[in-house]
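1. show me the folded form of this:
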Amino acid sequence: MGTLLIRPPGHRRDIALRPAATAMVWVGEGHPHETIAVPGVALADGDVLVAVEMSTICGSDVHTVQGRRSAPTPLVLGHESVGRVIATGDAGATAVDGAPLRIGDRVVWSVTISCRSCDRCLQGLSQKCRTLGKYGHDRVGVHGDLTGAFASHVQLRDGTAIVRVPEALSAAVLAPASCATATAWAAVARAGRDRDLDGSAMRIHGAGLVGLSAAAIAVEHGATVEVLDPNPGRRALAARFGAGPLDREPDVVIEASGHAVAEALEGVAVGGTVVLVGSVFPSDPVPLDAESIVRRLVTVAGIHNYTGQELADAVAFLAGRGRAYPFADAVGAVRPLLDIDAALVEAAGREAPLRVGLVPGR
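-> Okay, the predicted model is just below:
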């Protein structure tokens, strides 16, 4: 396909790519992806160009191509990725820890692009910025073509939270960090705002990668964790992420399936907290028994995406105590980037692995 090249306003640094970058463009439901070559990019002062090592397919990518989630087209999908810095804008860029990024740094990055100056960003809600951008969600055009992870390169815009990652961790562990692991970390952290998780009882609905990641994180915070899922294979996998049975009502329930909201609200103990993880939606509307929530003093919180610090904390967990858990096994299949349509079919299957990986140049 061809795209209209529009040079954004402001100072830019032109970067030629030889060979040209490759991006897989989704043009709408029922249509195969189209391949485009991107011979160069124009980096704004704080932008970063990353060569992708591996990207993984998230459930929201599957929902989009199935028509269950609205998205503008043409679109480069994908927001779970790990890669290496190959160029920066003239002003350079810094990681979440404040250190300058260097050519060759191995990194992951947030799904969101934030202004850092609006009221929401200043309140710590950068993932809900007034002028929010999102990788894998925004139409190609004014910000170039390399706007999603299903490509050989991604152009990271100023306002993206970027985190350096260890060379020793596999791409299969790191690629999902920028969605599943960071979201799970944010959900557990939100529960921890209401109570000390050490010694608490937690129930997690859903043994997808978000739920399993939350289980491991919560166990390392001292909680006893139970994971419920209709799939017996996923329930068995949950045990490898530290889950087991509960012997009392849960103090915390994390709903990470998108299908058990009513059960989550009904099953939490008096004074408990229910955390709804928005990355797994859309789901059917649920009747709300407000009287029950009020009388039982239940707190209900929503989590959607995460902050830059939560991404950094998730990576630190994976590099530390998270090594005790089988995160490397989450990517059950790896396909070449050009086989993206077959990979999406595989990721949507009933017996799909937790993640299907895409690798450029294979």
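2. let's check: the centremost residue of the chain is which one?
-> Cys179 (1.1 Å; CA atoms, centre = their mean).
3. surely it is in contact with Glu80?
-> Yes. Using CB atoms under 8 Å, Cys179 is in contact with Glu80, at 4.6 Å. In this view, the C-beta of every residue, glycine as well, is placed from N, C-alpha and C.
4. need the overlap of contacts for the two.
-> Common contact partners of Cys179 and Glu80 (CB atoms under 8 Å, 6 or more residues apart in numbering): Cys58.
5. picking that back up, next one: the residue nearest to the centre of the chain from Gly40, what distance?
-> 28 Å (CB to CB, to the nearest Å).
6. and the residue lying farthest from the centre of the chain, its phi and psi?
-> What lies farthest from the middle of the chain is Arg295; by CA atoms, centre = their mean that is 35.1 Å. When read as degrees, to the nearest 10, the backbone of Arg295 gives phi -70, psi -30.
7. and Cys121, how many residues sit next to it?
-> Neighbour count for Cys121, taken as other CB atoms under 10 Å: 20.
8. what sits against Lys128?
-> Taking CB under 8 Å, 6+ apart, we find Lys128 in contact with 120, 304.
9. any low-confidence regions in this protein?
-> 1-10, 279-283, 362 (pLDDT under 70).
10. what's the domain layout of it?
-> What the record gives for the chain is the domain set 13-178+330-359, 180-303, from automatic domain parsing.
11. tell me how far Glu351 lies from Ile86.
-> From Glu351 to Ile86 the distance is 37 Å (CB to CB).
12. over to Arg248?
-> For Arg248, the distance to Ile86 - CB to CB - is 52 Å.
13. comparing those two, which residue is more hemmed in?
-> Ile86 (15 against 8).
14. my read: the more buried one touches Ala51, true?
-> Yes. When contacts are counted by CB under 8 Å, Ile86 is listed as touching Ala51 (5.0 Å).
15. who touches both of those two?
-> His153.
16. circling back: would CSV of the domains of the chain with distance to Phe317 be doable?
-> CSV is the format used below for the domains of the chain (distance: least, CB to CB, whole Å):
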stretch, distance to Phe317
domain 13-178+330-359, 9
domain 180-303, 6
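17. need the contact partners of stretch 331-351.
-> Counting by CB under 8 Å, 6+ apart, 22, 24, 32-33, 35, 54-57, 61-62, 65-66, 150-152, 172, 175-176, 233, 352-362 sit against stretch 331-351.
18. okay, now that stretch: how far is its last residue from its first?
-> 13 Å (CA to CA, to the nearest Å).
19. how far away from the center of its chain is it?
-> Counting by CA atoms, centre = their mean, to the nearest Å, stretch 331-351 is centred 17 Å from the centre of its parent chain.
20. same question for stretch 259-269.
-> 24 Å.
21. report the separation between Ile162 and Asp47.
-> Remark: distance between Ile162 and Asp47 (CB to CB) = 11 Å.
22. my bad, Asp284
-> Applying CB to CB to Asp284 and Asp47 gives a distance of 40 Å.
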